[in-house]
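Trainee: make a model of this:
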Amino acid sequence: MKIVVIGGTGLIGSKTVERLRNKGHDVLPASPNSGVNTVTGEGLAAALAGAQVVVDLANSPSFEEKAAMEFFEASGRNLFAAETSAGVRHHVALSVVGTDRLQGMGYFRGKMLQEKLIKESGIPYTIVHATQFFEFTSAIANTGAVGDTIHMSPAYFQPMAADDVAEAMADAALAEPLNGMIEIAGPERVRLSELVARFLKATKDPRKLVVDPHALYYGAVEIDEGTLLPGENARIGAIHFDDWLSRSASQK
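Mentor: Numbering: from 1, shown residues only. Next up is the predicted model:
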């Protein structure tokens with residue numbers, strides 16, 4: 001089966017491509033670097049020719065609202081036009097747990113637009129809502145930096161490893177379309193402030209962690225205990241944060 005992975009050279013994309021190839025499928029990793037651009041439409045028709053499944057992992061290069069909205073709208077409309085012409089039978093997209101609860105951020109309004117376009121496309125689809133990735137812990141910490149301190153909300157979340165995300169995306173690509181959404185999350189429900197503190201200690205970062213219930217998530221919105229958490233039926237990944245930290249340290 002031919003599967004096109006849009007954003008197939010990125011963090012999740014490259015891991016998803018590897019898993020699908022290991023299962024014996026013909027997988028094309030598509031990105032602007034390979035001449036496939038969903039925003040301009042360049043190379044889409046040729047890339048999608050003969051494809052049965054498209055896995056969409058493309059992401060806005062900016063969290064700013066105007067840029068995110070323009071990216072997801074242009075990318076979605078070009079992609080669905082090309083998929084319709086190619087006769088694609090399943091569109092699989094990666095989104096974020098809590099997108100509907102984070103509409104105070106322009107980026108997540110862009111993600112909601114992306115999901116709306118998917119549902120209206122007429123192409124059978126599966127939307128995978130993932131929690132935050134372990135690999136983004138440093139970036140999350142830096143969004144709360146104020147001088148030599150890091151202000152973090154104590155709200156719960158349930159982050160996961162990129163490897164577990166890729167496993168779920170590969171499985172979704174090979175399953176029948178749900179015409180709906182599934183959630184995936186990590187094995188440990190933990191306070192955001194606690195996990196960042198563990199990360200700072202493990203990486204010998206000298207900055208002080210300040211637990212602040214009013215700290216803004218990504219510098220944009222306040223979150224509460226349920227904002228970032230998945231529902232009861234989420235698929236749970238296998239990799240724990242401390243194991244990921246140890247492996248990351250050994251790889252470095």
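
Trainee: give me the number of residues near residue 118?
Mentor: 22 (other CB atoms under 10 Å). Where C-beta positions appear, they are placed from N, C-alpha and C, glycine not excepted.

Trainee: ends of stretch 115-126, how far apart?
Mentor: In stretch 115-126, first residue to last residue: 10 Å (CA to CA, to the nearest Å).

Trainee: an error on my part: the question was meant for stretch 119-133.
Mentor: Counting by CA to CA: the opening and closing residues of stretch 119-133 are 25 Å apart.

Trainee: mind listing what's buried in it?
Mentor: 121, 123, 125-133 (16 or more other CB atoms under 10 Å).

Trainee: show me which of those is closest to residue 188.
Mentor: residue 131 (10.5 Å; CB to CB).

Trainee: before we move on, the earlier item: take the buried residues of stretch 119-133 and write them to CSV, including pLDDT and distance to residue 7.
Mentor: Converted to CSV, the buried residues of stretch 119-133 look like this (pLDDT from 0 to 100; distance: CB to CB, whole Å):
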residue, pLDDT, distance to residue 7
121, 96, 18
123, 98, 18
125, 98, 16
126, 98, 16
127, 98, 15
128, 98, 13
129, 98, 17
130, 98, 14
131, 98, 19
132, 97, 18
133, 97, 14
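
Trainee: what sits against residue 21?
Mentor: residue 27 (CB atoms under 8 Å, 6 or more residues apart in numbering).

Trainee: what helix or strand is it located in?
Mentor: helix 11-22 (DSSP states H and E).

Trainee: gap between that helix and the chain center?
Mentor: 14 Å (CA atoms, centre = their mean, to the nearest Å).

Trainee: in helices, which of the buried residues of stretch 119-133 appear?
Mentor: Using DSSP state H to define helices, no part of the buried residues of stretch 119-133 is located there.

Trainee: which residues touch residue 152?
Mentor: Per CB under 8 Å, 6+ apart, neighbours of residue 152: 141, 144, 192-193, 196-197, 209-212, 215.

Trainee: which of those are buried, as a PyMOL select command?
Mentor: Buried subset of the contacts of residue 152, written as a PyMOL selection, criterion 16+ other CB under 10 Å:
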select buried, resi 141+144+192+193+196+197+209+212+215
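
Trainee: buried set for stretch 138-158?
Mentor: For stretch 138-158, using 16+ other CB under 10 Å, the buried residues are 140-141, 143-144, 150-153, 155-158.

Trainee: one more: stretch 165-178?
Mentor: Buried-residue list, stretch 165-178, by 16+ other CB under 10 Å: 165-174.

Trainee: contacts for that stretch next, please.
Mentor: Applying CB under 8 Å, 6+ apart, the contact partners of stretch 165-178 are 3, 12, 15-16, 18-20, 23, 25, 53, 55, 57, 89-92, 94, 124-126, 128, 130, 133, 182, 184, 235, 237.

Trainee: give me that answer again for 7 Å
Mentor: Contact with stretch 165-178 is made by 3, 12, 15-16, 19-20, 53, 55, 90, 92, 94, 124-126, 128, 130, 133, 184, 235, as judged by CB atoms under 7 Å, 6 or more residues apart in numbering.

Trainee: cool, and stretch 236-252?
Mentor: 134, 159-161, 163-164, 184-188, 195, 202.

Trainee: how about the strands in the protein?
Mentor: For the chain, applying DSSP state E gives strands covering 2-6, 26-30, 53-56, 90-96, 125-130, 145-146, 149-152, 156-157, 180-185, 190-191, 208-211, 235-236.
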